[in-house]
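>>> need a 3D model of the sequence below.
(chains A, B, C, D, E and F)
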Number of protein chains: 6
Amino acid sequence: MTFVTSPCTPEREKRQPEAPVFAVEVSDHIMIAHSFRGAVFGPAQALHGATFVVSVAVLADTLDPNGIVVDIGRAFDVLKGALDPLKYQNLDAMPQFKGVNTTTEFLAKHVFDRMAEAARKGDLGRAGRELSEVRVTVAESPSARAWYEAPLW
Amino acid sequence: MTFVTSPCTPEREKRQPEAPVFAVEVSDHIMIAHSFRGAVFGPAQALHGATFVVSVAVLADTLDPNGIVVDIGRAFDVLKGALDPLKYQNLDAMPQFKGVNTTTEFLAKHVFDRMAEAARKGDLGRAGRELSEVRVTVAESPSARAWYEAPLW
Amino acid sequence: MTFVTSPCTPEREKRQPEAPVFAVEVSDHIMIAHSFRGAVFGPAQALHGATFVVSVAVLADTLDPNGIVVDIGRAFDVLKGALDPLKYQNLDAMPQFKGVNTTTEFLAKHVFDRMAEAARKGDLGRAGRELSEVRVTVAESPSARAWYEAPLW
Amino acid sequence: MTFVTSPCTPEREKRQPEAPVFAVEVSDHIMIAHSFRGAVFGPAQALHGATFVVSVAVLADTLDPNGIVVDIGRAFDVLKGALDPLKYQNLDAMPQFKGVNTTTEFLAKHVFDRMAEAARKGDLGRAGRELSEVRVTVAESPSARAWYEAPLW
Amino acid sequence: MTFVTSPCTPEREKRQPEAPVFAVEVSDHIMIAHSFRGAVFGPAQALHGATFVVSVAVLADTLDPNGIVVDIGRAFDVLKGALDPLKYQNLDAMPQFKGVNTTTEFLAKHVFDRMAEAARKGDLGRAGRELSEVRVTVAESPSARAWYEAPLW
Amino acid sequence: MTFVTSPCTPEREKRQPEAPVFAVEVSDHIMIAHSFRGAVFGPAQALHGATFVVSVAVLADTLDPNGIVVDIGRAFDVLKGALDPLKYQNLDAMPQFKGVNTTTEFLAKHVFDRMAEAARKGDLGRAGRELSEVRVTVAESPSARAWYEAPLW
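Numbers count the residues shown, from 1 in each chain, chains lettered A, B, ... in the order given. Prediction:
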């Protein structure tokens, strides 16, 4: 059975050829206050804040008949809609963030969830099934950032 | 047969370990005019233009005996060769773009095709078979970009 | 057997859904001298130098109970520890680099090895087995960079 | 008369102490098509285009009672108002640019004129007389930009 | 008297030749929370936060015998000393900021005061009288920043 | 005589209105090795290196009949000519730098001297007398840079 199992075994020596992919990515930013709980955060346990530059990439196997992944203007609007509830907020005071650390990683996932839902519903202007993945990158400073990426289906 | 099929099933819960990969990436830019057809483009249906910052990444499983993926200088030259026909052009007036929307995504694929052909032919100074993938990223503004990536073989 | 082999065949037409992944990335820089051997390097065969901006991304399938991949402060410290022996050095004169071209690609792998070892040992403050990959990106100028990425296990 | 002339003579050996100054600067971008007339422009005589990143700095000797030069949000809106007529346009086809080369320098001055007029009229939310200078910077690529600065009064 | 008055009259038509000047500039960042009082701030009246990238430029008419304006390492340390009390703080809760809006402009001046005092006292490693001006730039996002500059003497 | 002296006295309370000015700025980079003499440099006394991103701004009171300060392409070529002798060099081994510390500040002045000479001679494609100042900025890392600026006449 080795000849069957063999091609399925993760090949660590040779990178598996991935299928082609297109992507578009748009960026916006928010300025928020928050604090963290946990000794690991050191001085960041105090109430402080951040300018988060948030970039959302939408991936698709093919371009649509217009020659795009999704419309960049539409992607900006949907991202803006996802960020608006956070703008100029103290995240510690928002009910939906009660009891969680709103870390850069967490916020990447938070924005991902909203973007992915919009993408699946067709709110990016293209049938959700034609889109494959979303990646959300959140930069907290010129020297640190986090991201979350996942397939849509 | 489940024990055979099982390792082949896409594992959504655990990211599949990818093999190691090296990459080099070089950048250049072009300044072009174009227009788009399709209501989705709104005001961008008018003749306008863009500075496109184009980055090409070449991936390989291993470094060559010199300790490189490909020579960065050579990669610059090949990228320049791919971009030169587009520099200071009105893309609407170029025969090869007749009837297509020269979107940021489309141009990423257009440059990819030229870079991939050069890579396969050994024009990057290394046997094409030793190179695995190419990714072309095109930034149209500080807040929007697109990319296309695909295996070479 | 085709029905078994089939799902294992690399599917070039459709990108395989990857499992979700989180990442954090931190950056620092070094200023070093070195030279290269090999005609391919042209004028860079002479003793010259570079400011290398080094970014290290650590990937994980899940966040830890604090809501992080690893602590960004800790990641900075470990990166600094990996870079300190190189800071303000002539790499040509360092015994461990004898006979190798310390190219941007090579240095990405060099820093990867140190970061990966630290990650596996838990020096990033999280059990190494909970971390999946590391990617090290090294920019040598505004228009050229290299990277190396590999799974940790 | 030397004691009179002396302090007035341009002192080339010692930089004249300038009075303190505050500034705020905001940025936006436009994507336009245009062409240039004049052999000096070489290939840029053809119809091409650009993404122009436009930054406007407003200078004042003092902060207002709110602790600001002018409100950044207001400055964004006024800049947007100055740029909107240019967005997605072919500048060659706009009557007000007939017979002029809409160079990066020229556009810096063009935006300056609109920003300066708004500043003088109080449209930035502060008495124009309390503002001293405006500087408009226009980047046409990662490696080239132009600016124009002038006093308001 | 015109021949006397004339060179003293502000010449609006011709930019006055300024004496040569050298500068060095170093950057660091802070992540803070704060809120503003005043209708002009709109939603920013709420408690929010920012990552502020703070750059300090020190100007001098001449280089010292080492060929520098001031040591860049020393400038980093002094800037760090000026920023450390603000790092991860809620500025609203700091006694020294009671009753003031800690705007980007205000913070540029705040850091200036500390850097200027250090420069005058020789804490930058050079006699204060040999330094002429300091400029502090504070970026609050990729599209907005403020600065304050003033002579030291 | 006070009425005469008065306008000449450095007015520290009110910034002197400067005449309008136009500028264009272009950038390139070099990768060099060097070392410094002097305890102030600490570890940078060892042979190390840097990628220097060099930007040259040329200022003028007015635009020429083409609507430019100087041709950006020409400015690039002249900057390239100024940098070519330094590219991939060990500055310690260049006779013209014998006995000097080739600091970032020093190199800003070094490039200035070449650019200013070219500007005065008309090598930027415009009568030197129509150009007023040159500023050369040299970035050695994402967080440190230096500049030198001076009038041409």
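>>> which bits of chain A sit near chain C?
Counting by C-beta under 8 Å from any C-beta of the partner chain, chain A comes close to chain C at A:4, A:7-8, A:12, A:16-21, A:36, A:38, A:40-42, A:59, A:61, A:100-106, A:108-109, A:132-133, A:140, A:142-151, A:153. Where C-beta positions appear, they are placed from N, C-alpha and C, glycine not excepted.
>>> now with 7 Å?
A:4, A:7-8, A:16-19, A:21, A:38, A:40, A:42, A:61, A:100-101, A:103, A:105-106, A:132, A:143-151, A:153 (C-beta under 7 Å from any C-beta of the partner chain).
>>> which among those residues count as buried?
A:4, A:8, A:18-19, A:21, A:38, A:40, A:61, A:101, A:103, A:105-106, A:132, A:143-151 (16 or more other C-beta atoms under 10 Å in any protein chain shown).
>>> what is the burial count for A:Lys98?
Residues lying near A:Lys98 (other C-beta atoms under 10 Å in any protein chain shown) number 8.
>>> sorry, that was for A:Ala93
Using other C-beta under 10 Å, A:Ala93 has 12 other residues around it.
>>> try A:Val58
When neighbours are counted by other C-beta under 10 Å, A:Val58 registers 27.
>>> ok so it is a helix residue?
No - read with DSSP: H, G, I helix; E, B strand; the rest coil, A:Val58 is strand and lies in no helix.
>>> could you look up the SS state of A:Val53?
Quick answer, by three-state DSSP: A:Val53 is strand.
>>> now the residue of chain A found nearest chain F. Nearest residue, chain neighbours left out?
Going by C-beta to the nearest C-beta, chain F is nearest to A:Pro142 of chain A, at 6.5 Å. Spatial nearest neighbour of A:Pro142, chain neighbours left out: E:Val53 (6.1 Å); criterion: C-beta to C-beta, 6 or more residues apart in numbering or on different chains.
>>> one step back: okay, the residue of chain A closest to chain F: pLDDT?
What the model reports for A:Pro142 is a pLDDT of 97.
>>> look up how far E:Phe52 lies from it.
Note on A:Pro142: its distance to E:Phe52, by C-beta to C-beta, to the nearest Å, is 11 Å.
>>> who has more neighbours out of those two?
E:Phe52 (27 against 16).
>>> kindly report the residues of chain A close to chain F.
Proximity of chain A to chain F (C-beta under 7 Å from any C-beta) is limited to residues A:Pro142.
>>> where does the prediction get shaky in chain A?
A:1-17 (pLDDT under 70).
>>> in it, which residue sits nearest chain E?
For chain A, C-beta to the nearest C-beta, closest residue to chain E: A:Gly49, 1.1 Å.
>>> which strands or helices does the helix or strand where A:Gly73 lies pack on?
In the assignment (DSSP states H and E), A:Gly73 maps to helix A:72-83. Counting contacts by 3 or more C-beta pairs under 7 Å, 6 or more residues apart in numbering or on different chains; DSSP states H and E, helix A:72-83 packs against strand A:21-34, strand A:48-60, helix A:104-121.
>>> tell me which of these is the most buried.
Stretch with highest mean neighbour count among the helices and strands packed on helix A:72-83: strand A:48-60 (a mean of 25; mean count of other C-beta atoms under 10 Å in any protein chain shown).
>>> what inclination does that strand have with respect to strand E:21-34?
Strand A:48-60 and strand E:21-34 are oriented at 90 degrees to each other (axes from the mean of the first three to the mean of the last three C-alpha atoms, to 10 degrees).
>>> strand A:48-60 packs against which elements?
When contacts are defined as 3+ C-beta pairs under 7 Å, 6+ apart, strand A:48-60 packs onto strand A:21-34, helix A:72-83, helix A:104-121, strand A:133-141, strand E:21-34, strand E:48-60.
>>> the fourth one close to chain B?
No - contact check for strand A:133-141 against chain B, using C-beta under 7 Å from any C-beta: none in range, with a minimum separation of 11.2 Å.
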